[in-house]
Every structure is written in C-alpha cells, then in structure tokens.
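Enquirer: this one's sequence-less:
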C-alpha cells in the first residue's frame, strides 16, 4: 500500500512537522509513505497533477485552520 501525506504550507521555508512525524511513525510497518509539500502560491492544477502522479492508494491531507476553504 502506498500512502501520500500532503501538506499545503504558507511558504517554502515553512515545513509541516505533522507529516514528517507521521512518516517517522510508519518506519516499522510495511507501508510505503511519501511526502508532498506545496505552498499556497502554487497553482491548484499543478498540485493536483503532482498528487495524481504519485499514484497513491491513500492520500491524506494535513489541515490547518488557515488552509481550509
């Protein structure tokens, strides 16, 4: 199974620690986990295309109050 953890950050210099923590937690289980981080300045089409190209079985989004519309 392939899981993609997605984070949408305010800037490239801001990293989403939650997705890194979740990825570290999965190190001892037989699941492939990848990270994908984007910024609010990227085009939605670009983000969606990249998510699709990962071909993940599960896509999980890290949500903050400010990045939910």
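Expert: Looks like it arrived, so ask away. Remember, predicted model here, so these are calculated numbers, not experimental data.

Enquirer: ranges for the helices of the protein?
Expert: Along the chain, the segments classed as helices by DSSP state H run 17-25, 44-53.

Enquirer: which parts of the longest one are buried?
Expert: Burial within helix 44-53, assessed by neighbour count using 16 or more other CB atoms under 10 Å, is assigned to 47, 51. All C-beta atoms are positioned from the backbone trio N, CA, C, and that covers glycine.

Enquirer: my read: residue 34 touches residue 6, true?
Expert: No: between residue 34 and residue 6 there is no contact under CB atoms under 8 Å: 9.6 Å.

Enquirer: more neighbours: the two, which one.
Expert: residue 6 (21 against 13; other CB atoms under 10 Å).

Enquirer: residue contacts, the more buried one?
Expert: Contacts of residue 6 were listed using CB atoms under 8 Å, 6 or more residues apart in numbering, and they are 19, 36, 37, 38, 51, 59, 60, 61, 62.

Enquirer: identify the bridge partners of the second one.
Expert: On the basis of DSSP bridges, residue 36 takes part in beta bridges with residue 6.

Enquirer: so which elements touch the lowest-mean-pLDDT helix or strand in the chain?
Expert: Counting by mean pLDDT, DSSP states H and E, the chain has its least confident helix or strand at helix 17-25, which shows a mean of 91. In terms of contacts (3 or more CB pairs under 8 Å, 6 or more residues apart in numbering; DSSP states H and E), helix 17-25 is packed against strand 2-9, strand 32-39, strand 58-62.

Enquirer: ok now that helix, how far from the chain's centre?
Expert: Here the centre of helix 17-25 is set off from its chain's centre by 10 Å, with CA atoms, centre = their mean, to the nearest Å.
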